Structures are given as structure tokens and as C-alpha cells.
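**Q** sequence plus the predicted model coming up.
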Amino acid sequence: MKVFRFVASSLLAPFALSPLSIAVAQESTGATLDPIVVTATLGPKTVGESLASFTVIDEEEIRSKAPADVSDLLRGQPGINVTGNGSFGKTTNVNIRGVQSAGTVFLVDGIKLHSATSGGAPWQFFPTELIQRVEIVRGPRSSLYGADAMGGVIQAFTLDPKQGERGWVEAGAGNFDTQKVNAGVSGSAGSTRFSLSGLHKETDGTAVRKNIKNLEQDQEKGFRQTAGLGRVVHELENGGEASAILLQSEGNTEYEGGNTDYTIRTVGLGLVAPLSDYWQTGIQFSESQDDEKTLSSSGESYYDTRLRQARWENTFSYNVHELVVGAELQQDEVESTEKFTETSRTNTAIFSQLRLNFGPLDTQLSLRSDDNEAYGTNETGGLALGYKFDQSHRVRASYGTAFRAPTFNDLYFPYIKYPSGYEYQGNPNVKPEESESYELGVRGNYRVWFWDLAVYQMDIEDLIITDKIGTINTKINVSEARIRGAEFGGGYELDGWRTSLGLTYMNPEDRETGNQLRRLTTRTARVDLDKTINSFVVGGSVIAEGDRYDDTKNKNRLPGFATLDLRTKWNFAPNWSSRVTVANVFDKEYSTAKNYVSAGRTAMLSVRYDIQ
């Protein structure tokens with residue numbers, strides 16, 4: 001019954017499989033360096049069995065690093081490029097394998113979170129303190145998740161109640177007059193378990209711009225955030241589960257020339273149930289929201305977007321083989337001070353995935369068809385093969401197609417002339433970007449360490465760019481891009497040591513000009529090292545990135561940089577712990593976008609009490 005319940009709870013993977021279920025599966029299999037993951041295959045598999053390039057950031061790593069925001073957690077991970085317009089809640093873009101931020105799908109417990117107007121996720125507003133686990137899948141996944149999963153998928157699993165935990169409270173303070181407090185409580189009653197957690201933090205921030213003529217400098221740009229998370233899970237008598245989750249983050253962020261009030265929210269209701277020994281079914285209804293109201297010298301404006309989604313999945317099992325078939329209905333809506341020519345669009349999809357195992361040989365085949373009322377029909381597919389030489393070594397090869405949908409700004413933005421004289425208007429004839437990807441990888445997994453190496457090539461057609469027609473800037477499909485790269489990841493855990501390594505080399509090329517794609521570096525490296533010594537945990541991270549260009553003509557070069565972060569945790573009494581983190585120890589000034597600079601050295605001291 002326990003095994004059957006685990007399979008049932010996995011059906012709506014990734015959104016039905018909780019971090020707790022993943023941890024239980026890992027404990028039962030004895031796996032630590034080849035953990036159970038769900039994002040790549042719509043079901044629980046080890047990283048090796050997923051036949052994908054994968055990075056898992058678990059709860060211990062997240063708590064150890066205590067990242068100020070999501071970008072701190074993702075920066076330097078294999079295949080990841082992070083750019084931003086300053087620190088502390090400022091605009092952030094996350095690229096996987098050189099695909100722009102709108103081509104990266106961000107899931108929160110299986111719920112897609114993005115802005116329908118810009119296309120990207122509101123990374124800068126997502127509270128890392130409420131994350132328990134992150135899975136990063138590199139490579140196309142449109143055949144499973146539809147539009148925008150061209151570069152890959154990042155899924156955050158929020159805090160879930162554990163047996164024996166009742167709650168916690170934590171408070172901290174740091175430079176730039178930064179303060180935060182977060183707390184949570186969890187419990188159970190019969191077959192129902194629940195958790196409730198919250199966070200408030202604020203900072204005066206730092207200046208975000210370099211010295212530029214006619215711009216005020218050295219003014220602090222503050223950030224404020226209040227977030228809450230609630231989850232209820234009820235185990236059914238037949239081994240299924242019913243669940244509900246609500247996450248909301250709201251606050252204010254200041255930038256050069258104004259400030260923005262923001263709200264992001266995800267709501268989900270899910271049900272999984274076994275219908276027979278060979279058939280499990282499940283359904284999820286969800287809504288995500290990204291609202292921003294901006295006050296600047298040019299006036300007041302707002303952009304409110306909502307994404308409503310219904311998803312139905314069915315898993316059929318025969319021995320070690322599995323077939324997943326499902327359907328999805330998705331609707332985007334926009335409300336704004338700008339009068340978009342269209343304010344909603346609906347997408348319907350059917351999808352399937354066949355997972356076969358023939359001893360050492362694994363095969364995965366996925367197909368999906370999306371029909372969008374705005375830009376038509378797109379079919380995508382994927383094929384992956386894996387061969388396991390022995391208990392430690394596996395080779396994989398894959399091919400996949402994907403597409404990125406044009407955003408509401410691309411298609412429907414009304415004509416506007418800004419005070420600077422810049423004119424812009426959307427183009428309803430823009431087509432989706434389409435890609436083909438090839439990948440070859442090999443992985444070694446041992447008792448206390450692992451390594452993974454992958455090489456790939458992605459060809460993108462109908463790249464969406466901004467071009468000028470007369471005096472008006474608009475979106476058109478003209479460019480082609482080819483992105484080639486290699487990624488290496490590794491990790492080690494033994495005798496209190498915990499270390500990980502990530503290396504990336506990438507050549508993101510505009511095929512028409514031969515230039516490097518804008519704001520993408522070709523080289524990144526990240527090393528994380530932690531050591532447990534009695535009641536202390538000490539560690540550090542080194543992150544290095546190569547140079548990049550801020551423009552498509554490769555005239556404005558941004559130099560590379562390297563930073564050092566240090567951290568320590570002290571369990572000074574039963575249930576009590578304190579933590580000190582210092583990011584960018586040597587106060588290195590660097591930019592990932594022209595004229596915008598990092599915060600510099602950032603320090604934080606916090607104290608936590610766990611209620612048992």
C-alpha cells in the first residue's frame with residue numbers, strides 16, 4: 001500500500017509529488033547523489049533515469065546558502081545565465097542554454113508562473129525562504145509543458161510539512177539596513193496534514209546605476225516583501241491524495257525614476273487517484289497572477305496578468321513500461337493602462353509520453369500538440385535513449401523540438417511614443433520561435449560522488465527581434481541562432497564534507513551576423529564547499545563568469561568577474577541555530593546589464609528556533 005500510495009501521489013508530477021514524497025523515496029532507495037526527480041519525465045525517476053541534463057538543489061543546500069533571492073541560488077549553475085538591473089528586487093532574467101528568459105518555464109509546485117506581457121517569470125519577487133527544493137532541467141521540454149520550454153524548465157517546490165516538525169521562527173539583519181523575519185507552523189489531524197509559513201523583509205537597498213551624465217547617482221533603491229504560503233494535503237483511503245496550495249508575495253521595489261508595487265500569486269487544487277492496478281488518474285486546477293503598478297515621472301501605469309490552467313493526466317503501467325496521456329487548457333488574460341488590441345488568449349493541448357525499459361536500455365518518446373487562438377497550431381516532440389553500462393555509468397542521447405510563444409507585448413502592444421521619442425507597436429503577425437536540439441551526455445554515479453557531462457546543439461528559427469519599420473519599432477521574425485555548448489557538473493558528500501562543481505562553455509551565435517547573442521556569457525564556473533565540524537557548518541562559494549556584450553552588434557562589452565561568498569552556521573543550543581552569510585566578500589563591482597551594478601558586499605546575521 002505504501003508503494004501504491006507513492007505511485008498515486010506521483011501521478012500529477014511534478015505538481016502532485018511533494019518534496020516530502022521525494023525525500024521518502026530517496027530514503028527508501030538509499031539514493032543521495034542520484035535523487036528522485038519529477039520535472040523531466042512527468043513521473044518519479046532518478047536523475048540518471050530521467051535521461052536529461054539535471055541539477056537538483058535540495059533543502060540542505062538552500063538553507064546553508066541562505067540566498068537573498070532566486071538569482072543567488074541559480075547563478076553559475078550549469079547552463080544558467082542570470083542578468084539583472086541591480087540587486088534587491090530589481091528586474092531579473094534567467095536564461096537556460098542561451099535561450100532568452102521568456103523561453104524558460106518556471107513552475108511552482110507544478111503551477112506555471114510568468115508575465116503574459118513580457119513572457120518572463122517574476123524571479124526577483126519570488127521568496128527563496130519558502131522554497132524547499134529546486135529542480136533544473138536543461139534542454140527542450142515543450143513536448144511536455146508546451147510553449148516557452150525551449151531552453152528548459154525550473155521548478156520550485158515550496159515548504160511541505162514533515163513528520164516530527166511543528167514549526168520554526170527566524171529573524172535576521174544585515175547591512176543596507178536589511179531586516180527580515182520568517183516563521184512557519186505545521187501539523188496533522190488524522191489523514192490530513194497542513195503547513196502555514198510567512199515572511200517579511202525589507203532593505204534600503206543600494207544604488208543600481210553607474211555614473212552616467214544627467215542621472216542622479218548613489219541613491220539607495222529599496223525593496224520590501226511580504227509573503228505567505230499555505231498547504232493542505234489529505235490522504236484518501238484508496239491511496240490517492242487531495243491537495244490545495246496558496247502562495248502570495250507582495251511589496252514594493254524602487255528603481256531609477258520610480259517605484260513599483262507588485263503582487264505575485266499561485267493557487268492550486270489537485271486530486272490524484274488510482275482507478276486500477278494499472279491506471280492512475282489526476283487533475284489539477286490552478287491560477288497564477290503577476291500584477292505590477294508603477295509610479296514614475298511619466299505617470300502611473302499598471303500591468304496585471306493572469307494564467308488559468310486545467311491539466312488532466314493519466315498514467316498506464318505495464319510491468320516496467322509506462323504511458324502518460326493527458327490534456328491541458330490554458331488561458332492568459334491581461335489588464336493594463338495600455339489598451340492592448342487583444343486582452344486574452346486560449347491554448348488547448350493534448351500530450352503523451354511513452355517510457356520503456358529493456359534492461360540496461362531506456363527509451364522515452366513524447367509528443368504534444370498545442371492549438372492557440374493567437375498564433376495557431378504547434379506540434380513538438382522528443383526522443384531520448386539511455387544505456388546503463390553498470391550500476392555507476394550511463395550514457396544518453398536525445399533529440400527534441402520546442403517553441404517560444406510571442407508575448408502580448410510582441411503581438412498586441414498599442415502604438416505608443418515615449419517622452420524620449422522612442423516609438424513602439426506590437427505586431428500581430430509575429431510567429432513563434434521554433435527550435436531543434438541534439439544532446440549527448442554521460443553520467444557517473446557512485447556511493448559518495450557523481451559527475452555528469454553533456455554536449456549539445458540548438459538551432460532556433462524565426463527568432464523574434466525588434467526592428468524599425470519607418471519610425472516605429474516593432475517585432476519581426478528574421479534572425480536565426482545556433483547555440484552550442486558543453487556542461488559539466490559534479491558533487492561529493494563524505495565525512496561532513498559537501499561540495500559541488502558546475503562548469504559551462506557555450507557559443508550563442510546569431511547566424512545572420514556571426515555575433516554573440518546579447519547579454520550571454522560564454523563561460524561560467526561555480527564551486528560550493530561546506531564542512532560540518534561538531535556544532536558548526538562552515539562553507540563558501542566561488543562564482544566566475546566570462547565577458548558578454550550588452551548589444552546585438554557586440555560593441556558594448558561587459559567584462560567578466562568572479563565573486564567569493566562565505567557562510568557559517570552554529571547550532572549553539574537545542575533547537576537553536578545562528579547563521580552568518582557574507583556575499584561578494586571582496587566587494588567586487590560587476591555588471592550583467594550595461595550601466596547597472598551589483599550591490600557589492602552583503603552581510604546577514606540570523607537566529608532560528610525550531611519547534612519540535
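**A** Nice, I can see it. The shown structure was predicted, so the numbers you read here are calculated from the model rather than taken from an experiment.
**Q** now do the contacts for the residue most central in space within the chain.
**A** With distances taken as C-alpha atoms, centre = their mean, the residue of the chain nearest its centroid is residue 154 (3.2 Å). Contacts of residue 154 were listed using C-beta atoms under 8 Å, 6 or more residues apart in numbering, and they are 74, 94, 96, 104-107, 134-137. Heads up, the C-betas are built off the backbone N, CA and C, glycines and all.
**Q** my read is that residue 489 contacts residue 80, right?
**A** No. Using C-beta atoms under 8 Å, residue 489 is not in contact with residue 80, being 11.2 Å away.
**Q** more neighbours: these two, which one.
**A** Relative neighbour count places residue 80 above the other of residue 489 and residue 80, with 26 against 23, counting by other C-beta atoms under 10 Å.
**Q** show me where this protein has its helices.
**A** Using DSSP state H, the helices of the chain run over residues 2-10, 19-29, 59-65, 70-74, 142-145, 408-412.
**Q** now the third one: mean pLDDT?
**A** So the one you mean is helix 59-65. Mean pLDDT, helix 59-65: 91.
**Q** could you say what helices and strands that helix packs with?
**A** With contacts taken as 3 or more C-beta pairs under 8 Å, 6 or more residues apart in numbering; DSSP states H and E, helix 59-65 sits against helix 70-74, strand 131-138, strand 497-510, strand 523-533, strand 536-545, strand 561-573.
**Q** quick one: buried residues of it?
**A** Within helix 59-65, the residues scored as buried using 16 or more other C-beta atoms under 10 Å are 59, 61-65.
**Q** kindly indicate which of those lies nearest residue 439.
**A** For residue 439, the closest of the buried residues of helix 59-65 turns out to be residue 61, at 25.3 Å, with distances computed as C-beta to C-beta.
**Q** contacting residues for the closest one?
**A** By C-beta under 8 Å, 6+ apart, the contact set of residue 61 is 498, 500, 528.
**Q** most neighbours out of those, which is it?
**A** For the contacts of residue 61, the largest neighbour count, defined by other C-beta under 10 Å, is 23 neighbours, found at residue 528.
**Q** what's the distance between that one and residue 398?
**A** Taking C-beta to C-beta, to the nearest Å as the measure, residue 528 and residue 398 are separated by 27 Å.
**Q** for residue 41, same thing?
**A** Taken as C-beta to C-beta, the spacing of residue 41 relative to residue 398 amounts to 12 Å.
**Q** for the residue nearest to residue 302 when sequence neighbours are not counted, grab the count of nearby residues.
**A** The shortest distance from residue 302 to any residue that is not its chain neighbour, by C-beta to C-beta, 6 or more residues apart in numbering, is 4.2 Å, and that residue is residue 293. Each residue near residue 293 was counted by other C-beta under 10 Å, and the total is 16.
**Q** again, but for residue 382
**A** Counted with other C-beta under 10 Å, the burial measure for residue 382 works out to 24 neighbours.
**Q** likewise for the one 10 residues further on?
**A** Residue 392 is flanked by 14 other residues according to other C-beta under 10 Å.
**Q** where does pLDDT dip in this protein?
**A** 1-32, 162-165, 210-218 (pLDDT under 70).
**Q** and the longest strand for it?
**A** In the chain, assigned by DSSP state E, the strand with the most residues is strand 472-494.
**Q** follow-up on the earlier one: residue contacts, the residue nearest to residue 302?
**A** 260-262, 300-302.
**Q** nearest to residue 144 among those?
**A** Set against residue 144, the nearest of these by C-beta to C-beta is residue 262 (29.4 Å).
**Q** I'd say that closest one and residue 294 touch.
**A** No. Using C-beta under 8 Å, residue 262 is not in contact with residue 294; the gap is 9.2 Å.
**Q** buried residues of stretch 570-586, list them for me.
**A** Using 16+ other C-beta under 10 Å as the burial criterion, the residues of stretch 570-586 that qualify are 570-571, 577-584.
**Q** could you measure from residue 263 over to residue 113?
**A** When distances are taken as C-beta to C-beta, residue 263 and residue 113 turn out to be 12 Å apart.
**Q** any common contacting residues for these two?
**A** With contacts defined as C-beta under 8 Å, 6+ apart, the residues shared by residue 263 and residue 113 are residue 290.
**Q** so those two - more neighbours on which side?
**A** Comparing residue 263 with residue 113 by neighbour count (other C-beta under 10 Å), the higher total belongs to residue 113, at 24 against 16.
**Q** excluding its backbone neighbours, what's nearest the more buried one?
**A** Using C-beta to C-beta, 6+ apart and skipping residues adjacent in sequence, the residue nearest residue 113 is residue 288, 4.6 Å away.
**Q** out of the contacts of residue 293, who's nearest residue 181?
**A** residue 262 (20.0 Å).
**Q** return the set of residues that bridge with the closest one.
**A** On the basis of DSSP bridges, residue 262 takes part in beta bridges with residue 251, residue 292.
**Q** ok, how many other residues are close to it?
**A** Residue neighbour count, defined by other C-beta under 10 Å, stands at 20 for residue 262.
**Q** switch the contacts of residue 154 over to JSON lines; also include distance to residue 445 and neighbour count.
**A** What follows is those, written out as JSON lines (distance: C-beta to C-beta, whole Å; neighbours: other C-beta atoms under 10 Å):
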{"residue": "74", "distance to residue 445": "23", "neighbour count": "22"}
{"residue": "94", "distance to residue 445": "27", "neighbour count": "25"}
{"residue": "96", "distance to residue 445": "23", "neighbour count": "27"}
{"residue": "104", "distance to residue 445": "26", "neighbour count": "27"}
{"residue": "105", "distance to residue 445": "27", "neighbour count": "26"}
{"residue": "106", "distance to residue 445": "28", "neighbour count": "22"}
{"residue": "107", "distance to residue 445": "25", "neighbour count": "23"}
{"residue": "134", "distance to residue 445": "20", "neighbour count": "22"}
{"residue": "135", "distance to residue 445": "17", "neighbour count": "24"}
{"residue": "136", "distance to residue 445": "18", "neighbour count": "26"}
{"residue": "137", "distance to residue 445": "18", "neighbour count": "27"}
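**Q** please consider this matter closed, and thank you.
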